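Peer 1: got a sequence here, can you build the structure:
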Amino acid sequence: MNQNFLTIAVVGMLLIARAQAGELQVGFAQISITPDIIEQWVDVNNDAQFDPDIDLWTDVNGNGKFDAVWMAGFQNQRPAQGIKDNLMAVAVVIDDGENRIGIVTADTVGLMRKFVLGVREAVPAEWGLDYLMVHATHNHEGPDTQGLWGPSFLSSGVDPNYMQELQQNILDALSEAINNLEPAQMSMARIPANPLTPIKDKRKPIVIDDDIRALLFSRPDNSVIGTLVNFGIHVELAWDKNLELTADVAGYLRRGLSEGIYYGDKLFKPGLGGTTLWLTGNIGGLMTSGPSDSIYDPFLEKTFTEPGHAKARTFGYSLANSVIDAFNENSFVPSPEPKITFSAIEVELGIENFMLSLGTLLGVVDSTPQFHLMPPFIRYLSEVAFIQLGDATITGIPGELYPEIAVGGIENPKGADFAIEPQEVPPLRTQLPGKLNLMVNLANDAIGYIIPKSEWDKDAPWIYDESEETYGEVVSLGPNTAPIIYQTVIKLAEESKP
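Peer 2: Okay, here's the model as predicted:
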């Protein structure tokens with residue numbers, strides 16, 4: 001696959017048999033992407049960081065070095081000790097007889113655009129894919145796939161061999177999804193999340209985009225082929241002391257919705273069947289359930305506050321339970337004869353963050369920068385995508401969007417670095433066509449936080465009279481990223497209208 005799809009409404013000639021015009025076909029597949037853990041080690045001081053002078057380890061393969069699977073998303077020096085559950089790549093291919101698109105999601109912290117382009121280039125032409133979206137769930141309990149979480153700040157945690165395997169796994173999942181194509185009907189639902197498992201916004205202003213948005217594909221006999229679930233929360237509830245690989249919230253949602261809600265061998269609620277694909281929603285801010293936030297498990301009749309696998313299970317099962325209830329209550333609305341259109345635009349973004357610039361220049365971050373004589377001196381090409389599928393739309397955002405850009409509530413608080421009116425207005429969700437709008441963060445790239453420019457706060461005094469710098473800017477390209485991404489989404493949405 002080449003990059004011709006980056007122009008609007010470009011459709012390639014298909015080289016394999018496909019659906020008849022007007023007939024919707026869908027195929028799902030999933031495959032494990034769990035890396036092998038070689039070394040055994042003991043965290044002697046229980047700090048979830050490997051220190052060869054303190055911690056104990058066994059050189060299993062006898063090569064004289066510590067071969068780690070460096071876990072991403074929290075601190076450096078966090079190598080995995082074991083596997084709680086498999087990490088997955090889940091793929092869906094959707095074909096309306098004229099266009100064929102693929103979406104694949106991986107249980108990783110983020111996949112840079114350089115990797116995404118490599119996957120696309122490796123897609124055989126005979127598969128007939130007109131567009132491919134590659135998405136990372138932003139899993140903080142999986143391997144480093146960006147380079148930021150290795151043994152030190154200036155040492156990448158990416159394993160090149162694993163990345164090659166990951167690319168092949170993604171291709172295998174897509175191939176299987178194409179082989180699984182079958183006639184389908186599509187229905188959709190916007191589902192309130194359970195208030196007993198609330199999301200918390202860790203940075204003011206408190207704005208949460210918290211509904212579940214789901215697309216369900218079924219056969220004529222109403223059996224479920226698969227479901228796409230879009231929801232905005234950081235996939236991190238096992239938290240920073242966890243040393244076991246796990247798909248965290250996303251994994252429990254997928255298993256609960258497809259297989260049923262199990263605790264041990266006991267089934268508490270049947271699932272819908274089929275394959276479930278998780279799409280992470282708007283999570284900037286950041287959207288999570290932290291170590292001091294309580295959630296309630298109605299199946300166990302127990303409250304969980306401490307982070308860990310049980311808390312991730314409770315939240316994931318809560319989301320699955322809400323979708324199952326919506327299905328059983330006939331809340332999914334059919335979308336008859338859904339047609340596919342798609343568009344994507346390449347955007348140039350400045351890397352105005354010094355530490356990210358340094359990491360990029362040193363090759364710690366796995367990306368391809370561009371250099372200019374005028375500021376911003378280091379720039380980066382990313383991508384914004386827009387898919388229409390009948391009455392639904394899927395917007396691909398290359399980073400972590402602050403929810404106020406989507407639903408409103410942007411402020412210009414005292415202490416902000418720019419005394420300006422909100423730039424990213426009106427809210428994106430009010431500008432998107434369709435009856436159900438899925439917004440997918442970490443789509444085709446992983447550029448960090450996308451912060452409203454009027455809320456940008458890199459220099460003291462701090463916003464909202466905070467005593468220290470608020471979290472966000474340290475993992476953002478810069479203050480001009482949000483306006484560029486916002487205007488690009490608006491452009492794609494407007495050009496999609498008849």
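Peer 1: for this structure, what spans make up the helices?
Peer 2: 113-122, 160-179, 248-259, 309-328, 354-361, 403-407, 481-496 (DSSP state H).
Peer 1: looking at the ones you listed, which is nearest to Lys339?
Peer 2: Closest approach to Lys339 among the helices of the chain (CB to CB): helix 481-496, 11.6 Å. Yep, even glycine has a C-beta here, placed from its N, CA and C like the rest.
Peer 1: list the buried residues in that closest one.
Peer 2: Buried residues in helix 481-496, counted by 16 or more other CB atoms under 10 Å: Thr481, Ala482, Pro483, Ile484, Ile485, Tyr486, Thr488, Val489, Leu492, Ala493, Ser496.
Peer 1: quick one, what contacts the residue nearest to the third one when sequence neighbours are not counted?
Peer 2: The one in question is Pro483. What sits nearest to Pro483 in space, not counting adjacent residues and going by CB to CB, 6 or more residues apart in numbering, is Gln423, at 4.7 Å. Residues near Gln423 by CB atoms under 8 Å, 6 or more residues apart in numbering: Pro452, Lys453, Ser454, Ala482, Pro483, Tyr486.
Peer 1: and the first one, backbone torsions?
Peer 2: Read that as Pro452. Here is the backbone geometry of Pro452 (degrees, to the nearest 10): phi -50, psi 130.
Peer 1: so what's the residue count around the nearest residue to it once chain neighbours are set aside?
Peer 2: Spatial nearest neighbour of Pro452, chain neighbours left out: Ile410 (4.5 Å); criterion: CB to CB, 6+ apart. Using other CB atoms under 10 Å, Ile410 is surrounded by 22 other residues.
Peer 1: got a list of what Ile410 touches?
Peer 2: Pro205, Glu404, Pro422, Glu424, Val425, Pro452, Ser454, Glu455.
Peer 1: any idea how far it lies from Gly157?
Peer 2: From Ile410 across to Gly157, the span is 34 Å (CB to CB, to the nearest Å).
Peer 1: in the stretch 51-200 of the chain, which spans are strands?
Peer 2: 56-58, 82-83, 88-95, 100-106, 131-136, 182-183, 185-191, 200-201 (DSSP state E, counting those that start in this stretch).
Peer 1: switch these over to TSV; also include distance to Glu244.
Peer 2: TSV is the format used below for the strands of the stretch 51-200 of the chain (distance: least, CB to CB, whole Å):
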stretch	distance to Glu244
strand 56-58	17
strand 82-83	5
strand 88-95	16
strand 100-106	18
strand 131-136	19
strand 182-183	36
strand 185-191	30
strand 200-201	24
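Peer 1: can you lay out the ones you listed as JSON lines showing distance to Ile447 and mean neighbour count?
Peer 2: JSON lines is the format used below for these (distance: least, CB to CB, whole Å; neighbours: other CB atoms under 10 Å):
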{"stretch": "strand 56-58", "distance to Ile447": "35", "mean neighbour count": "13"}
{"stretch": "strand 82-83", "distance to Ile447": "29", "mean neighbour count": "12"}
{"stretch": "strand 88-95", "distance to Ile447": "21", "mean neighbour count": "26"}
{"stretch": "strand 100-106", "distance to Ile447": "17", "mean neighbour count": "26"}
{"stretch": "strand 131-136", "distance to Ile447": "12", "mean neighbour count": "25"}
{"stretch": "strand 182-183", "distance to Ile447": "36", "mean neighbour count": "14"}
{"stretch": "strand 185-191", "distance to Ile447": "27", "mean neighbour count": "21"}
{"stretch": "strand 200-201", "distance to Ile447": "21", "mean neighbour count": "18"}
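Peer 1: any chance of those in TSV, plus mean pLDDT and distance to Thr227?
Peer 2: What follows is the strands of the stretch 51-200 of the chain, written out as TSV (pLDDT from 0 to 100; distance: least, CB to CB, whole Å):
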stretch	mean pLDDT	distance to Thr227
strand 56-58	95	42
strand 82-83	98	25
strand 88-95	98	10
strand 100-106	98	13
strand 131-136	98	15
strand 182-183	98	15
strand 185-191	98	10
strand 200-201	97	26
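Peer 1: of those, which is nearest Leu349?
Peer 2: strand 131-136 (18.1 Å).
Peer 1: where does the prediction get shaky in the stretch 51-200 of the chain?
Peer 2: Counting by pLDDT under 70, the stretch 51-200 of the chain shows no low-confidence range.
Peer 1: tally of neighbours for Pro334?
Peer 2: What Pro334 shows, counting by other CB under 10 Å, is a neighbour count of 14.
Peer 1: for it, what are its contacts?
Peer 2: Gln185, Met186, Ser187.
Peer 1: and which of the residues you listed is nearest to Thr105?
Peer 2: Out of the contacts of Pro334, the member with the shortest distance to Thr105 (by CB to CB) is Met186, at 18.3 Å.
Peer 1: is the closest one in a bridge, and if so with what?
Peer 2: Phe217 (DSSP bridges).
Peer 1: pretty sure Tyr464 contacts Ala416?
Peer 2: No. If you go by CB atoms under 8 Å, Tyr464 and Ala416 don't touch, sitting 9.5 Å apart.
Peer 1: so between those two, which is more surrounded?
Peer 2: Ala416 (22 against 15).
Peer 1: measure that one to Glu466 for me?
Peer 2: In terms of CB to CB, Ala416 sits 12 Å off from Glu466.
Peer 1: same question, Phe371
Peer 2: 35 Å.
Peer 1: in TSV: the contacts of Pro334, plus distance to Gly316.
Peer 2: Formatted as TSV, the contacts of Pro334 follow (distance: CB to CB, whole Å):
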residue	distance to Gly316
Gln185	27
Met186	24
Ser187	22
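Peer 1: quick check, nearest of those residues to Lys114?
Peer 2: So of the contacts of Pro334, ranked by how close each gets to Lys114 (CB to CB), first place is Met186, at 33.0 Å.
Peer 1: what's the separation between that closest one and Pro338?
Peer 2: 5 Å.
Peer 1: between the two, which contacts overlap?
Peer 2: With CB under 8 Å, 6+ apart as the test, Met186 and Pro338 both reach Leu24, Leu389, Gly390, Ala392.
Peer 1: beta partners for the last one?
Peer 2: Legend: beta-bridge partners of Ala392 under DSSP bridges are Leu389, Leu436.
Peer 1: quick one, what contacts it?
Peer 2: Ala392 touches Met186, Met188, Leu215, Ser335, Pro338, Gly434, Lys435, Leu436, Asn437, Leu438, counting by CB under 8 Å, 6+ apart.
Peer 1: once you drop chain neighbours, what's closest to the last one?
Peer 2: This points to Leu438. Using CB to CB, 6+ apart, the nearest residue to Leu438 is Asn230, at 4.1 Å.
Peer 1: thinking again about what came up before, how close does the residue nearest to Pro452 get to Thr481?
Peer 2: In terms of CB to CB, Ile410 sits 14 Å off from Thr481.
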